[in-house]
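Novice: build the 3D model from these lines:
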Amino acid sequence: MVQKIPARDISLYELEEKFGLELATDTSFFTEWTENLPTLTDGEKQVIARVKSNYLNLNKHRLMSEEAVKMVVLSPLLDLAGFYSNRQGD
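Specialist: Numbers count the residues shown, from 1 in each chain. Take a look at the predicted model:
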């Protein structure tokens with residue numbers, strides 16, 4: 001019989017250790033995620049790299065709530081997209 005473990009009861013680190021999982025970093029893994037994208041500035045690339053690093057670091061070592069994901073990932077990306085700006089086109 002298959003054992004089910006609720007996601008809230010296990011961390012990514014534990015799954016990696018138990019099952020030998022590895023992060024796929026090959027850019028051709030999901031080509032639809034990398035095709036026909038707008039060009040990013042170096043600053044935007046740095047922000048995205050930092051958001052990714054923060055998420056992977058926190059998610060690997062802690063159980064992450066939806067609120068934590070919003071704070072670590074969604075809020076910085078919305079800021080980068082200008083969502084919080086009150087100026088048009090900024």
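Novice: going by C-alpha atoms from here, please, whenever you check contacts or count neighbours.
Specialist: OK.
Novice: so where's this structure shaky on pLDDT?
Specialist: 87-90 (pLDDT under 70).
Novice: for the residue lying farthest from the centre of the chain, give its distance to residue 28.
Specialist: With CA atoms, centre = their mean as the measure, the chain has its most outlying C-alpha, relative to the mean C-alpha position, at residue 1: 32.6 Å. Distance check for residue 1 against residue 28: by CA to CA, to the nearest Å, it reads 35 Å.
Novice: please, which helix or strand holds residue 13?
Specialist: Using DSSP states H and E, residue 13 falls within helix 12-19.
Novice: what is that helix packed up against?
Specialist: helix 42-61 (3 or more CA pairs under 8 Å, 6 or more residues apart in numbering; DSSP states H and E).
Novice: buried set for the helix it packs on?
Specialist: Counting neighbours by 16 or more other CA atoms under 10 Å, one finds that the buried residues in helix 42-61 are 48, 51, 55, 58, 59, 60.
Novice: which one among the residues you listed gets closest to residue 86?
Specialist: Here the nearest of the buried residues of helix 42-61 to residue 86, counting by CA to CA, is residue 48; it sits at 22.1 Å.
Novice: using the three-state scheme, assign the spatially closest residue to the closest one that is not a sequence neighbour.
Specialist: The shortest distance from residue 48 to any residue other than its chain neighbours is 7.6 Å, reached at residue 77 (CA to CA, 6 or more residues apart in numbering). Three-state secondary structure (criterion: DSSP: H, G, I helix; E, B strand; the rest coil) places residue 77 in helix.
Novice: contact partners of the helix holding residue 13?
Specialist: With CA atoms under 8 Å, 6 or more residues apart in numbering as the contact definition, helix 12-19 has outside contacts at 21, 22, 59, 60, 61, 62, 63.
Novice: what count of nearby residues applies to the last one?
Specialist: So the one you mean is residue 63. Taking other CA atoms under 10 Å as the neighbour definition, residue 63 ends up with a count of 15.
Novice: next, it: secondary structure please.
Specialist: With three-state DSSP as the basis, residue 63 sits in coil.
Novice: contacts only, for it.
Specialist: With contacts defined as CA under 8 Å, 6+ apart, the neighbours of residue 63 are 8, 9, 10, 11, 12.
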